[in-house]
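J.: I'd like to go over a predicted model; first the sequence, then the structure.
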Amino acid sequence: MAADTIPRPAPPEQIRAVPVRHAGRWVAAAVIAVLAAMFVHMLVTNPVFQWGFMVDNMFAPPVLRGARTTLLMTVLAMVLGVVLGIGVAVMRLSPNPVVSAAAWTYVWFFRAIPRIVLLFFCANLGALYATYELGIPFDRQLMGALGLDGDLRFLGLDGNQIFAGFTAGLIGLVLSEAAYMAEIVRAGIQAVDPGQTEAAGALGMSRSTTMRRIVLPQAMRVIIPPTGNETIAMLKDTSLLIAVPVTSELNFQLRAIGSRTFQIIPLAVASILWYVALSSLLMVGQHFLEKRFSRGFGSRETRAQRAAREADAVGSTH
Amino acid sequence: MVKAEGVRKSFGHVEVLKGIDLEVAAREVLCVIGPSGSGKSTFLRCINHLEKINSGRLWVDDHLVGYRERGGKLHELPDREVSAQRRDIGMVFQRFNLFPHMTALQNVIEAPTRVKRVGKQESRARGQELLERVGLGDRVHAYPNQLSGGQQQRVAIARALAMEPKLMLFDEPTSALDPELVGEVLDVMRGLAADGMTMVVVTHEMGFAREVGDTLVFMDDGAVVEAGDPKVVLTDPQHQRTQAFLSKVL
């Protein structure tokens, strides 16, 4: 055959070239290394840091309780903020102009108020009315018009009791967070292809089922990353609860130790380390949430999918 | 099954349907062809009330679509009743519109379980059966983005069939597909027609229209220009505009 006579080309030789030297990279690395060494040196040699004292106080029982309060406040404020935010976002997209305008007003108003100002106001709502009651609106006027005496109220709460400490802080943070979440959720809902709503409608699904089953799960993919940022911002903003004040919270407790012992720096560093640690914890949670809601958007087979396929394979062999 | 009388529809000042009259009998396959912008997709969307008509009357299965006539006055149907009407009308979209966060099987069983409250076991078995019918029995756990366009469109057909519709609407079901994937979708549709499903198909597939269609309608500029037996219309169009259109696409 012809192939025997024509020599096949030799495989190309592996290239062994002298690489380009990147002098700039080495210089940059050296500068950073020196700066890092200086930083560590300062941490170790400067006596003001009082590391032993810091560690002792960082895990003192009131501080640990403070960390728990801070986390609980973050989680509660975010959960309620997200729920209220979804409500406001859905209202904002309502075909009813009054409902939509109310939602717009809510977002406009609460986004305009600094959290610390809102928290201070919430803490003092007890001054507005002594008791807060649930009942029929304008009940006294109504009963008066009917020629009757008395009121139509069934639940009364002491204003100074609800608008103090933890509850006041929670109310302030939730009201503020809902305004931000409403915008995030609205962006998420609007990012979903309108064809999805049409397809669901064509299958005879109601508006609310479509929102719950089709639109929101897809919107979640867009909603979660900014919500993660909001959660971390919320964790840090719990330190603003000093305006209420919420005395059981983490930063308040650490500062209290700092001022009592006159060791401001060690306790401020302890505060930094606590917030860094708690933020990192929340980032891990965000990672798993993002994974959960990206179903059907990566091309890889998910674990649930593989399990289902394998279960089917087992089923078909029997 | 479907009856339209003087159906008109405007978007703002643009009138896209200028009085459509047609009728589709049960078990009949009606194919609608025409240049883009001729209003054929809009008309299809009026049939299941995805678009509201501005005048005329439209009936599906002897029920007025989207309205109720009482004492010589039309009353809009509440959302709940519009949804109920749509349950009997399956729709297949050009861009599939599968739910991307659900597997093929979940896509198919979503509406039966949520809307008709069919039990999980029963709807799963039925979903599996439907996916087998469209040739995807081995891909039930795949997400839409793991399927080819042709496979996605077949899932979309199975999803529509899961509601056991009396009428199927197809809005250019093969227009978004690579040419080599068109055949598999048309095969499924051919099977449906053979089983006696009433179908309204907006399409550019003249071969399919000729072979499967009982009636062919040529629409242009919001009006029906010519209608009749596909074999006759496609080979011997009477109207000048039909001739001009067919000379470009055939």
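T.: That came in fine, so what should we check first?

J.: gap between the longest helix along chain B and the chain center?
T.: Ranked by number of residues, the top helix in chain B under DSSP state H is helix B:179-194. Chain-centre distance of helix B:179-194: 14 Å, with CA atoms, centre = their mean, to the nearest Å.

J.: Quick one: mean pLDDT for it?
T.: In this model, helix B:179-194 carries a mean pLDDT of 93.

J.: Tell me where chain B has helices.
T.: Under DSSP H, chain B gives helices at B:40-47, B:79-86, B:104-114, B:120-133, B:149-161, B:179-194, B:206-212, B:230-235, B:240-249.

J.: ok, back up a step: any idea of the angle the longest helix of chain B forms with helix B:149-161?
T.: 20 degrees (axes from the mean of the first three to the mean of the last three CA atoms, to 10 degrees).

J.: if we can go back for a sec, give me whichever of the helices of chain B is most buried.
T.: Highest mean neighbour count among these (mean count of other CB atoms under 10 Å in any protein chain shown): helix B:149-161, with a mean of 25. No exception for glycine: its C-beta is placed from N, CA and C like everyone else's.

J.: Which elements pack onto that helix?
T.: For helix B:149-161, the contact count by 3 or more CB pairs under 8 Å, 6 or more residues apart in numbering or on different chains; DSSP states H and E identifies strand B:89-92, helix B:104-114, helix B:120-133, helix B:179-194 as packing neighbours.

J.: How about the residues of chain B by chain A?
T.: Taking CB under 8 Å from any CB of the partner chain as the measure of proximity, chain B contacts chain A at B:48, B:50, B:79-80, B:83-87, B:89-91, B:93, B:95, B:97-103, B:110-111, B:114-115, B:140-146, B:159-160, B:163.

J.: mind running it again at 6 Å?
T.: Within chain B, the positions lying close to chain A (CB under 6 Å from any CB of the partner chain) are B:48, B:50, B:83, B:86-87, B:91, B:95, B:97, B:99-101, B:111, B:114-115, B:141, B:143.

J.: Format the helices of chain B as CSV; extra columns: distance to residue B:70.
T.: Converted to CSV, the helices of chain B look like this (distance: least, CB to CB, whole Å):
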stretch, distance to residue B:70
helix B:40-47, 21
helix B:79-86, 13
helix B:104-114, 30
helix B:120-133, 36
helix B:149-161, 31
helix B:179-194, 36
helix B:206-212, 39
helix B:230-235, 39
helix B:240-249, 40
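
J.: Which among the ones you listed is found nearest to residue A:214?
T.: helix B:104-114 (8.0 Å; CB to CB).

J.: Pull the distance from that closest one to the chain's centre.
T.: 19 Å.

J.: So for the residue lying farthest from the centre of chain B, what's the pLDDT?
T.: Residue farthest from the centre of chain B, counting by CA atoms, centre = their mean, is residue B:71 at 32.3 Å. Per-residue pLDDT puts residue B:71 at 86.

J.: so how far is residue B:82 from it?
T.: Separation of residue B:71 from residue B:82 (CB to CB, to the nearest Å) stands at 21 Å.

J.: next one: phi and psi at the nearest residue to residue A:239 once chain neighbours are set aside?
T.: Nearest in space to residue A:239, with sequence neighbours left out and distances taken as CB to CB, 6 or more residues apart in numbering or on different chains, is residue A:251 at 4.1 Å. Residue A:251 adopts backbone torsions of phi -60, psi -40, taken as degrees, to the nearest 10.

J.: mind listing what the spatially most central residue of chain B touches?
T.: In chain B, the centroid-proximal residue (CA atoms, centre = their mean) is residue B:169; its distance is 1.4 Å. Contact analysis of residue B:169 by CB atoms under 6 Å, 6 or more residues apart in numbering or on different chains lists B:44, B:47, B:91, B:200.

J.: and with 7 Å instead?
T.: B:44, B:47, B:48, B:89, B:90, B:91, B:200 (CB atoms under 7 Å, 6 or more residues apart in numbering or on different chains).

J.: Bridged to it, which residues?
T.: residue B:91, residue B:200 (DSSP bridges).

J.: and the gap between it and residue A:44?
T.: 75 Å.

J.: After the helix or strand of chain A with the lowest mean pLDDT, heading C-terminal, what element do we hit next?
T.: When each helix and strand of chain A is scored by mean pLDDT, DSSP states H and E, helix A:2-5 comes last, with a mean of 55. Downstream of helix A:2-5, the next assigned helix or strand under DSSP states H and E is helix A:23-45.

J.: can you dump the C-alpha coordinates of that following helix into PDB?
T.: C-alpha atoms of helix A:23-45 as PDB (Å, rounded to 0.1, in the frame of the first residue of the first chain):
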ATOM      1  CA  ALA A  23       9.900  40.800  37.400                       C
ATOM      2  CA  GLY A  24       6.900  43.000  38.400                       C
ATOM      3  CA  ARG A  25       5.000  40.100  39.900                       C
ATOM      4  CA  TRP A  26       8.000  39.200  42.200                       C
ATOM      5  CA  VAL A  27       8.300  42.800  43.300                       C
ATOM      6  CA  ALA A  28       4.600  43.100  44.100                       C
ATOM      7  CA  ALA A  29       4.700  39.800  46.000                       C
ATOM      8  CA  ALA A  30       7.700  41.000  48.000                       C
ATOM      9  CA  VAL A  31       6.100  44.300  49.000                       C
ATOM     10  CA  ILE A  32       2.900  42.500  50.200                       C
ATOM     11  CA  ALA A  33       5.000  40.000  52.100                       C
ATOM     12  CA  VAL A  34       6.900  42.800  53.900                       C
ATOM     13  CA  LEU A  35       3.600  44.600  54.700                       C
ATOM     14  CA  ALA A  36       2.100  41.400  56.000                       C
ATOM     15  CA  ALA A  37       5.100  40.700  58.200                       C
ATOM     16  CA  MET A  38       4.900  44.200  59.600                       C
ATOM     17  CA  PHE A  39       1.300  43.800  60.400                       C
ATOM     18  CA  VAL A  40       1.800  40.500  62.200                       C
ATOM     19  CA  HIS A  41       4.800  41.900  64.100                       C
ATOM     20  CA  MET A  42       2.600  44.800  65.300                       C
ATOM     21  CA  LEU A  43      -0.100  42.300  66.400                       C
ATOM     22  CA  VAL A  44       2.400  40.300  68.400                       C
ATOM     23  CA  THR A  45       4.600  43.000  69.900                       C
END
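
J.: May I see the buried residues of it?
T.: By 16 or more other CB atoms under 10 Å in any protein chain shown, helix A:23-45 has no buried positions at all.

J.: What average pLDDT does the following helix or strand past it get?
T.: Using DSSP H and E, the helix or strand that follows helix A:23-45 in sequence is helix A:51-58. Averaged across helix A:51-58, the pLDDT comes to 89.

J.: Likewise for stretch A:211-220?
T.: Mean predicted confidence for stretch A:211-220 is 92.

J.: gap between that stretch and the chain center?
T.: With CA atoms, centre = their mean, you get 19 Å for stretch A:211-220.

J.: anything in it near chain B?
T.: Yes: counting by CB under 7 Å from any CB of the partner chain, chain B has neighbours in stretch A:211-220: A:213, A:214, A:217, A:218.
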